[in-house]
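Visitor: generate coordinates for the sequence data below:
(4 chains)
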Number of protein chains: 4
Amino acid sequence: RRTAAQSAGQRMDIRGIYPPIATPFTEKEEVDYLKLHDNLQKYAKIPFRGLVVQGSNGEYPYLTAEERVEVVRRVRQALPREKLVMAGSGCESTMATVQMTEQMARAGADAVLVVTPFYYRGRMDSKALIHHYTQVADSSPVPVVLYSVPANTGLDLPVDAVAALSQHPNIVGLKDSGGDITRIALIIHKTSSEDFQVLAGSAGFLLAAYSVGAVGGVCALANILGPQVCQLEELYVSGQWEAAKALQYRLIEPNAAVTRKFGVAALKQAMDWFGYHGGVCRAPLRPLSESEVKMLRQDFSSNGWL
Amino acid sequence: RRTAAQSAGQRMDIRGIYPPIATPFTEKEEVDYLKLHDNLQKYAKIPFRGLVVQGSNGEYPYLTAEERVEVVRRVRQALPREKLVMAGSGCESTMATVQMTEQMARAGADAVLVVTPFYYRGRMDSKALIHHYTQVADSSPVPVVLYSVPANTGLDLPVDAVAALSQHPNIVGLKDSGGDITRIALIIHKTSSEDFQVLAGSAGFLLAAYSVGAVGGVCALANILGPQVCQLEELYVSGQWEAAKALQYRLIEPNAAVTRKFGVAALKQAMDWFGYHGGVCRAPLRPLSESEVKMLRQDFSSNGWL
Amino acid sequence: RRTAAQSAGQRMDIRGIYPPIATPFTEKEEVDYLKLHDNLQKYAKIPFRGLVVQGSNGEYPYLTAEERVEVVRRVRQALPREKLVMAGSGCESTMATVQMTEQMARAGADAVLVVTPFYYRGRMDSKALIHHYTQVADSSPVPVVLYSVPANTGLDLPVDAVAALSQHPNIVGLKDSGGDITRIALIIHKTSSEDFQVLAGSAGFLLAAYSVGAVGGVCALANILGPQVCQLEELYVSGQWEAAKALQYRLIEPNAAVTRKFGVAALKQAMDWFGYHGGVCRAPLRPLSESEVKMLRQDFSSNGWL
Amino acid sequence: RRTAAQSAGQRMDIRGIYPPIATPFTEKEEVDYLKLHDNLQKYAKIPFRGLVVQGSNGEYPYLTAEERVEVVRRVRQALPREKLVMAGSGCESTMATVQMTEQMARAGADAVLVVTPFYYRGRMDSKALIHHYTQVADSSPVPVVLYSVPANTGLDLPVDAVAALSQHPNIVGLKDSGGDITRIALIIHKTSSEDFQVLAGSAGFLLAAYSVGAVGGVCALANILGPQVCQLEELYVSGQWEAAKALQYRLIEPNAAVTRKFGVAALKQAMDWFGYHGGVCRAPLRPLSESEVKMLRQDFSSNGWL
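Guide: As a prediction, the model looks like this:
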C-alpha cells in the first residue's frame, strides 16, 4: 500500500500554492460539472502546485458521499498530471473517514486533506485526535495532510498532537487555517526533525507564514487572484521582501472578504467578476445582499484589483 | 401532506419528558440492534412522553444516512404506539435535510427534530436559518421541532428567527440545549400568540425552564435516571416546589457529568451501571480514562444515586 | 471586629431586591450629589431591601478612590436606617480591596460587594480567588458578598471556590450576574449546609433564580421599574406563579436593553424617562445614538411600560 | 505643549526592542525601589531602545496612582538619557487617563502607552475609543502609543479606529499584543500614509511581525533574555533570515511560559534564574506551584536556555 517514495523513506513534496476550489452548481443546486471543467482549464494555466478539492470553500459538508468522490474524479481527469490533487476526505467518524479516503484515492487523489472531526469538540483532545489520524493514515493508500480550521470547527488541532502525528510516515504535513502565527512557528519548530510541511490556510498571513518556515499555502483567494498569489510565493522565494510585503498588504482585505467576512457566496461572486464560474451556493447558504456585494467590490477595488 | 390535527389547525402536543437515546454498538462499532431493542423495552415502562432518536447523544454524526433511518424504523417498531418518536433529521444542506426528513417520516417518526446547520456558522444568520427551516417544514410530512445546541454547533438559533418560524403551521416547538434561561423565557414570551412549545434540552435547568413556561425536556440523564426525571416533571405539575427543587439539585452534577463534562462515553458508562446497554462509542470518541470513570461515579454517588 | 449577629453565629439577612444605583454626573462629569440625593428620596419609598452602591451600573471603575467612598457616605446619610447599603469595594489588588472595604465600612456601608479581580484572568483560579476573598473577609468590619459578573470581567467565580468561601463566617452570599441558571442552582445546592444567600444579578432571570432557591436580586432595571421588580418578588413569595411569569416576561427586553445591549448610557436614558436623574456617563462611555434611543424606547413600549 | 520634533511635523522614532519591566516587591508587597534600580543597571547595558514601564507585566493594575508615577520617576532617573521611557498611563476613565498621562510626563516619561479602557467592553466601539484616545492625545505633553492587549482586556482596538487615530499628530504608534498577524499587517497597510509605527507586543511573533512591517517589539521575554531578543532584531535588520528563524523558534516556548501560560509570577521566577530581581507578585497573583516551576524550567531548558 505504500508508494515508492514512501518506501524509500521520502515524503511527498507538497510545497507551493493551491486554490481550494469552489463547487459550481446549477440553478437547481446540482453539481455543474461543465462549469467545473471550465474553471479547471483556467486553473491549469496558473503555476499552482495543485488543487485542493473539498476544503471548506468547496461546500463539502453540502455534498453527498457520492458527489464528493465524483468531483475528485472529474478534477483528476481534467487536470494535467503534474498538478497535485489534494482531496478533502474528512468525515466525523473515523470509519467514514477511512472509507472516504480510500474512495478518493481510488478516484485519483494524490493526497488527502483530513479535517479534524469536531461535533463532540469537548472530547476531541490530543488522545482522540491522534487515534483518529493514526487509523486514517495507517489505511490510506495516499499521503495524509492534517487540516485545522477553527473558524468552522471551533477546534484547533493541538500542537502536541501535530508533533506526535508528524512522526507517522504517511502524514506529510498540515494545512493550518487558524492564522495564529506563533502557533504555526511552534509547530514547525516542534516537527523540524521530521520532513513535515506546513501550508498556510489563507492568503492573509501567507508572507508571515513563509517568514517562519511554511512551504506554501492553500488560499481561497487563489480561486480569483491565482497568478497574484503565486507571484507572492515567487517574490518570497527570490528574496524580494519589500515587493512581497507590498503585494501581501493588497491581498488581505480581498482575502478576508471572500472568507471570514462574507464566506463562500462572496468567493463565488468574486469568481464571476474575474472570469470564472462561481454562481450560487447550496442552501442554506444564501446569496450576498446588495450592500454586501458593494462592500465586497470595495474590498477588491480599494486594493487596486477592480 | 398535512395530518388531520394540522388541518384542524391544532398542533401536535409534545409536552413531557424524552430521553435522547444512545446508539449501542458492537465491539466492531456496528449498530447493535439487539441491545437497542433491550433498552427500548425498559424505556417503554417509564412514563416518558416519547423518545428522541438521534439527538447529539445518539452519535448521529457518526451514523451513515442508511443507519440513521434504520434506527428510527427499529425504535418505532419496538415502542408502544402512544410513545412519540421524535427523530433527528438535521443535515448540513437544506436538500439533504428535506430528504432525510421524508425518509424518517416514512420510517415511522411522529415528528422530526432539526438541528441548526452550522459548518458555515458565520453565515447562518436569521435569514439563512428561516429559509432553511421553512423549506424543511414546508415539505415535511410530520411536525418539525427546532433544535439549538450551541455546545456542539457553536451557534444559537436567534430569538427573532424562532419567533418568525413559530408562525409556520408545521413547526411545533423548540428544543433549546443552550441553557440560557433568559433567552428561553424570552422565546416563550415572543411566541406566546402561537401554540408553540419549548422543551428544555437538559435536566440541569429543567425546573427553571418549567418556571418560565417550558412544557418538558429532552434530557440525556433520562437515559439513566428516567423515573427520577419524570418525577421532577410530576412534582412541578402538582405544584410541589420544595420537593422539586430538592430533586433538581441532585440531578445537576450527574447530568453535567454525562453531557458537557465527559460526553457520550460517560452517558454510556453510566447506562451500564444502571442496567441499560451503554457500551462503546464509535471512534474518534474514546472510552473514559480510569480517573474520569472515578469522577463520573463520584458525581452520581455524592448525590445519592449510587 | 465582629458584629453582634456574627458573634451569635448568625449571618446578615440580605434577602430582597436592590437597585445597583447609577452615579449622576454634571455636564462637566463631576459627581452630582444633589441629583443623587433626589434619586435616593424616590428609591426610599419603594420596598427595596436596600441599595447597591457601585456595582457595574454605578460606573465605579470611572470614580476615584475618594469619590467611591464619598458616594457611599452620602447614600448612607440620605437613606432610612432600615435600608441596607451594600457597597462595591472590589479593586484589582487584595491590598487595595482590603483598604477600600475598611473605608466604605467606616463611611457607613452595611455590607460590601466584592467583584472578582480579573485583569490577570488567566491566573485567577480558585486558589488565587479563595486567598483573595479570605484576606478581604478576614479583615472586613462588615459582611462580604461575593460578586461574579463575567460580561464585564471575562471571569466566572468557580463553583468550588464559592463553596469553599461560603464557610467563612464573614461571607454571607453571592451576587451572580452571569445568568447561567444551572450554575446558580448548583451553587445553592453546594452551599446549602451553610447559611449562604444567592442574589440574581439581573431582572432577566429573577423568577428562574427564585425557582431554584435564590433569595433576591440586584437588578439594574430596578433603577427604573423598581415597584415592578418588587412586585415580581411579591408574586413569587405569595406563590402566584402565573402572574409572576407574565410579569417576568415583560421585564426581559427592557432589562436587556439597559444592560448588555446598550449599557449604562441606556440605563440613564431610561431613568430620565421615568422621573429619575440619569444624565450623562463619564467618558469614554458615550451617549446613545438616535437609533439606539429608538430601539431602547421600543423595548420598553412593546412590553407596555411606555 | 508640542515638542520641537512635533512642531516640525516629525514623529518620535520608537523603533527597537523594549522590555516591559516587572515591578519588584518586598516580602510585604511594597515596591522595592532598590531592586528595581539594580535591574535597571543591568538593562542599561543591553541594546534596548528603551523600557516600557507599567505594561501588563508591571502589575500596574495593582499599583496605586502614586506608585505608578513614582516608579516612572525612578526609572527615568536611573536610566541613561538615550533610552526611551515609555510609561503605561491608561486608566478606565478618560479623565483619569488624561491626568495620569500628565503626571507621568512630568515624572520624565518620553512617551505614554495607553491601554484600551475595557470594563464596559460591550460599549467600547470605535466611536468611543476614538473619542477617548483623541482627548488623551490632545492634552498629552508627550507622544502617545496605542496599546491593544485582548488577553487581558477582552477587547481588540478595531482596525478602523487605529487607522483614524494614526492621523493624530501626537499618536505615534501601536503596541499590539494580540498576535493576529493578519490584523497587524492590515493595520500597517492602512496606516502607511502616516508615519505610524507598530510594535509587536510579544517575542512569540516578533519575526513574523517584522516580516510584515513592524518596527520593533515590547517583549516580556526581554526582561530575561534581553540580549537574545535584541539579537533577533539585529538578524532581521541585517537580512540573516535563516539565523533569525532559528532563534525565533527557540524563543516561542519560553515566551509563552512567562506570559499567557503562567503569567507574571513565571516572568519573575525566570528573572531570578537569570540574575535579575524577580521575586513575589502582589496578591491576588500567587507564586507558581512546584509543578508549574518544573514546566517553566522545561520550557527554557528544552530550548537551550538553561
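
Visitor: what residues does the stretch 151-300 of chain A put near chain B?
Guide: A:151-152, A:154, A:260, A:262-265, A:282-286 (C-beta under 8 Å from any C-beta of the partner chain). The C-beta positions use only the backbone N, C-alpha and C, and glycine is treated the same way.

Visitor: and the contacts of the biggest helix by length in chain A?
Guide: If you go by DSSP state H, chain A has its longest helix at helix A:241-256. Applying C-beta atoms under 8 Å, 6 or more residues apart in numbering or on different chains, the contact partners of helix A:241-256 are A:202-204, A:206-207, A:219-221, A:224-225, A:228-229, A:231-232, A:235-236, A:270, A:299-300, A:302-305, D:182, D:185-186, D:188-189, D:192, D:211-213.

Visitor: residues of that helix that come out buried?
Guide: A:241, A:244-245, A:247-256 (16 or more other C-beta atoms under 10 Å in any protein chain shown).

Visitor: and what of stretch A:133-142?
Guide: A:133-137, A:139-140, A:142.

Visitor: quick one: low-confidence ranges for chain A?
Guide: The model of chain A has pLDDT under 70 over residues A:1-9.

Visitor: which bits of it sit near chain D?
Guide: So chain A meets chain D at A:179-182, A:185-186, A:188-189, A:192, A:202, A:204-205, A:207-213, A:241, A:245, A:248-250, A:252-253, A:256 (C-beta under 8 Å from any C-beta).

Visitor: quick check: ChimeraX command selecting the buried ones in those residues.
Guide: The ChimeraX selection below is limited to those of the residues of chain A next to chain D classed as buried (16+ other C-beta under 10 Å):
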select /A:179,180,181,182,185,186,188,189,202,204,205,207,208,209,210,211,212,213,241,245,248,249,250,252,253,256
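
Visitor: report the contact partners of the residue lying closest to A:Q41 once chain neighbours are set aside.
Guide: Distance criterion C-beta to C-beta, 6 or more residues apart in numbering or on different chains; nearest residue to A:Q41, sequence neighbours excluded, is A:A78 at 7.2 Å. By C-beta under 8 Å, 6+ apart, the contact list for A:A78 reads A:36-37, A:40-41, A:44.

Visitor: please report phi then psi for A:D156.
Guide: phi -100, psi 130 (degrees, to the nearest 10).

Visitor: likewise A:L199?
Guide: Torsion angles, degrees, to the nearest 10, at A:L199: phi -110, psi 130.

Visitor: pretty sure A:Y133 contacts A:Y147?
Guide: No - assessed by C-beta atoms under 8 Å, A:Y133 is found out of contact with A:Y147, at 10.2 Å.

Visitor: now the common contact residues for these two.
Guide: Joint contacts of A:Y133 and A:Y147 (C-beta under 8 Å, 6+ apart) are A:V114.

Visitor: where along the stretch 151-300 of chain A do the strands fall?
Guide: Under the criterion DSSP state E, counting those that start in this stretch, the stretch 151-300 of chain A contains strands at A:171-176, A:197-200, A:216-218.

Visitor: need the ones you listed in JSON lines with mean neighbour count and distance to chain C, can you?
Guide: Below are these laid out as JSON lines (neighbours: other C-beta atoms under 10 Å in any protein chain shown; distance: least, C-beta to the nearest C-beta, whole Å):
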{"stretch": "strand A:171-176", "mean neighbour count": "27", "distance to chain C": "23"}
{"stretch": "strand A:197-200", "mean neighbour count": "26", "distance to chain C": "27"}
{"stretch": "strand A:216-218", "mean neighbour count": "28", "distance to chain C": "32"}
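
Visitor: with distance to D:V198 added, can I get these in TSV?
Guide: Compiled in TSV, these are given as follows (distance: least, C-beta to C-beta, whole Å):
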stretch	distance to D:V198
strand A:171-176	23
strand A:197-200	21
strand A:216-218	23
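
Visitor: those strands: which one's closest to B:F48?
Guide: Of all the strands of the stretch 151-300 of chain A, it is strand A:171-176 that lies closest to B:F48, at 45.5 Å by C-beta to C-beta.

Visitor: show me what the closest one is packed up against.
Guide: With contacts taken as 3 or more C-beta pairs under 8 Å, 6 or more residues apart in numbering or on different chains; DSSP states H and E, strand A:171-176 sits against strand A:144-148, helix A:181-190, strand A:197-200.

Visitor: now tabulate the ones you listed in CSV and tack on distance to D:V31.
Guide: CSV is the format used below for the helices and strands packed on strand A:171-176 (distance: least, C-beta to C-beta, whole Å):
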stretch, distance to D:V31
strand A:144-148, 44
helix A:181-190, 32
strand A:197-200, 45
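
Visitor: closest to D:K294 out of these?
Guide: Closest among the helices and strands packed on strand A:171-176, using C-beta to C-beta: helix A:181-190, at 19.5 Å.

Visitor: buried stuff in stretch A:287-295?
Guide: A:288, A:292-293.

Visitor: again, but for stretch A:213-230
Guide: A:213-226, A:228-230.

Visitor: which of the residues of the stretch 151-300 of chain A next to chain B fall in helices?
Guide: A:151-152, A:264-265.

Visitor: chain A: helices as residue ranges?
Guide: Going by DSSP H, chain A shows helices at A:4-7, A:33-43, A:65-78, A:94-106, A:126-139, A:150-153, A:159-165, A:181-190, A:206-211, A:226-237, A:241-256, A:264-273, A:290-301.

Visitor: quick one: A:D272 and A:L288 touch, right?
Guide: No - using C-beta under 8 Å as the test, A:D272 is too far from A:L288 to be in contact (11.3 Å).

Visitor: any idea how far the closest residue to chain B within the stretch 101-250 of chain A is from A:D125?
Guide: Across the stretch 101-250 of chain A, the shortest distance to chain B (C-beta to the nearest C-beta) belongs to A:H132, at 3.8 Å. As judged by C-beta to C-beta, to the nearest Å, A:H132 and A:D125 stand 11 Å apart.

Visitor: nothing else from me, thank you.
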